[in-house]
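Student: okay, here's the prediction I keep looking at, along with the sequence it came from:
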Amino acid sequence: MKELVIISGKGGTGKTSITAALSGLAENHIIVDCDVDAADMHLILHPKIEKTVEFYSGKQAEINLELCKKCGRCIEVCKFDAVRDDFIPKQKWFSEGGKPEFFETSAISENSITNSQPTCYKIDEIKCEGCGACYFNCPHQAIKFEQVKSGEWFESNTRFGKLIHAKLGIAEENSGKLVSEIRNHARLVAHKNNNDLIIVDGSPGIGCPVIASISGAHLVLIVTEPTMSGIHDAQRVYELTKHFKIPASVCINKYDINLELAAKMEIFCKENNIPVLGKIPYSKEFTEAMIKGLTVVENISESEVSQKIKSMWNKINTRIK
Amino acid sequence: MKIAVASGKGGTGKSTVSTNFAYLLSKTFKDICLLDCDVEEPNCHIFLKPNFNKAEKVYISIPKINQEKCVKCGKCSEVCQFNALAFIKDKVIKFPELCHGCGSCSLACPVNAIEDDKREIGDLEQGIGHGIDFIHGILRIGEAMSPPLIKAVKKASAFKETGIQIIDCPPGTSCPAIAAVYGADYVFMVTEPTPFGLYDLNLAVDVIRKLGLPFGIIINRSGENDKLIEDYAADENIEILTKVPDMREIAECYSRGELILKTLPKYTEFFNPLLEVVRKKK
């Protein structure tokens, strides 16, 4: 079983559209959408969800105001400035749902509560890294430290085979861990169904979700575009594949928007022994197909773009076998 | 004031808006500062072409175990939430690349056997381009964690209350994007009129709303499919600040790494409405 991962460094180079098209051409494979914080593959593949699994990324700290003595130890140990001491609790600070409610001091005038009301400590859940330093060091055991659900992932059926995809909760973190979890699940599914190939759509950038997407892959396809930014970013993401010793290949999308830079990119690839497996012309077909919810190849199978993608697929297929 | 330029989807034109808007502002206002917080793939310098005059390395602190002092109690690995320390066969094993630098291990160690070490996470460079103060971070290849570097970029800025700071954010909706937009007074949400653009815009709007920040939408590559975004914005009661047309000459200018408003000044009218946001807020 082999794994092909499509990444780009820069966003918006056509990574997802190309991944979707390739997954329509491949046989006996499954698909994983690892761009978990802006997943778009489902807009083309229209998955029927078969299984939903909750994702817990880690713990989050919360202060119990009844026990808190405002000693300041939590503020002292938190390296992420996540504890604030200037919140004003509402009179009944436990609402019906059981969650405490607060006003920010800046909202005092709007909520007509007085300045004289005592402030309290509160952990800013956006800033909290989930390290537990406050929980382990609170002398009054006033801090709760519990697992929080930070998203969910799905196993679905599509017209091209199984799709494993995910949705990160609003403003949640740890997308790298979610990526690892869905890739692991994809391997189990592929193993069970005797699939030969896993096609992975990665996320932009070179950070934690990208590292989690490419680790252990058999081939990475870097989809780039001939712009100064596109080339700059493709080179950085190529360095990342080199760092983790993963074979890389390149697809130059929209190659005809700047032929000079496309040639420069080809020279870079040649110098570094990176095979250029496809050169796709700029085309409105990408947006057209997306609006119809189809892959570019399904939309107009005989177009130049589709032909180029098919020929690229043949090259990938030979290489990864 | 601080204006963050964000988007859920990558490649919608964040850097184009950030650099050209900073360039436009610098013609009318003083003390303009541009922070490129897309530290994984920073691109603003390509367009602004600043002269860099300051560079430094950025580190996060990680633990170093003094084996002579260590009593092998395993408390450090018990408190570590990131699996950066494992206690296997009477020995503490470090996975420094997983460390978030929280310091819990050293607080938990009963014999002070944990000393400070550091891990390089990237570079920070400062300079001036077109009269604009510019700072960017460059994440070290192989480093997974960008938020500490993003925070360092924001901290390095000598922000003047009277000035205007533009923050170019990374794509996505998770920790790096949040670290970048956090603390902004206003957010420009850059999108494109495609189904992917709309879907990711919606995700990003959820995040910005949760953070409680005021924001407006910029439609880039505007054209025949604008209704996709316009209908959404009307339903959600979000203001569309401006639309930048989908023109081949703009794309070509971008591809060469040039400022659109410098090479093609006729497009300034599409950026002018953004000045209103600044005038209203200031």
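Tutor: Sure thing, it's come through.
Student: wouldn't A:Asp81 be in contact with A:Lys127 here?
Tutor: Yes - between A:Asp81 and A:Lys127 there is a contact under CB atoms under 8 Å: 6.2 Å. C-betas here are computed from N, CA, C, even on glycine.
Student: the more surrounded of the two?
Tutor: Comparing A:Asp81 with A:Lys127 by other CB atoms under 10 Å in any protein chain shown, the one with more neighbours is A:Lys127, at 16 against 10.
Student: so the more buried one, which of the three states?
Tutor: Put simply, A:Lys127 is coil when judged by DSSP: H, G, I helix; E, B strand; the rest coil.
Student: contact partners for it?
Tutor: Neighbour list for A:Lys127: A:Phe80, A:Asp81, A:Ala82, B:Tyr182 [criterion: CB atoms under 8 Å, 6 or more residues apart in numbering or on different chains].
Student: select from the residues you listed every entry located in helices.
Tutor: In helices, judged by DSSP state H, none of the contacts of A:Lys127 are found.
Student: quick one: buried ones out of the residues you listed?
Tutor: Neighbour-count burial (16 or more other CB atoms under 10 Å in any protein chain shown) is assigned, among these, to A:Phe80, A:Ala82, B:Tyr182.
Student: counting neighbours, what do you get for B:Ile93?
Tutor: 12.
Student: so where does it fall, helix or strand?
Tutor: Element membership of B:Ile93 [criterion: DSSP states H and E] is strand B:91-94.
Student: next secondary structure element downstream of that strand?
Tutor: In N-to-C order, the element after strand B:91-94 by DSSP H and E is helix B:104-108.
Student: isn't A:Val297 right up against A:Ile18?
Tutor: No - assessed by CB under 8 Å, A:Val297 is found out of contact with A:Ile18, at 10.1 Å.
Student: export the buried ones among the contacts of A:Lys127 to CSV and tack on pLDDT and distance to B:Ala113?
Tutor: Output for these, formatted as CSV (pLDDT from 0 to 100; distance: CB to CB, whole Å):
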residue, pLDDT, distance to B:Ala113
A:Phe80, 93, 24
A:Ala82, 93, 27
B:Tyr182, 93, 35
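Student: now flag whichever of those is closest to A:Leu22.
Tutor: B:Tyr182 (37.0 Å; CB to CB).
Student: that closest one against B:Gly212, yeah?
Tutor: No - with contact defined as CB under 8 Å, B:Tyr182 does not count as touching B:Gly212 (10.9 Å).
Student: which helix runs longest in chain B?
Tutor: helix B:195-211.
Student: list the buried ones in that helix?
Tutor: Buried-residue list, helix B:195-211, by 16+ other CB under 10 Å: B:195-201, B:203-205, B:207-208, B:211.
Student: what about residue 230, which SS state?
Tutor: By default, I'm working from chain A. Going by three-state DSSP: A:Gly230 is helix.
Student: residues touching it, list them.
Tutor: Contact partners of A:Gly230, counting by CB under 8 Å, 6+ apart, are A:Gly9, A:Lys10, A:Thr13, A:Thr224, A:Leu261, B:Ser255.
Student: ok and the residue in the stretch 51-200 of chain A nearest chain B?
Tutor: A:Cys131 (3.4 Å; CB to the nearest CB).
Student: I'd assumed that residue was in a strand, is it?
Tutor: No - under the criterion used here (three-state DSSP), A:Cys131 is coil, not part of a strand.
Student: how about it: what's its closest non-neighbour residue?
Tutor: In this structure, A:Cys131 finds its nearest non-sequential neighbour in B:Cys102, 3.4 Å apart by CB to CB, 6 or more residues apart in numbering or on different chains.
Student: could I get the contacting residues of the one you found?
Tutor: A:Lys79, A:Phe80, A:Glu129, A:Cys131, A:Gly132, A:Ala133, B:Gln81, B:Phe82.
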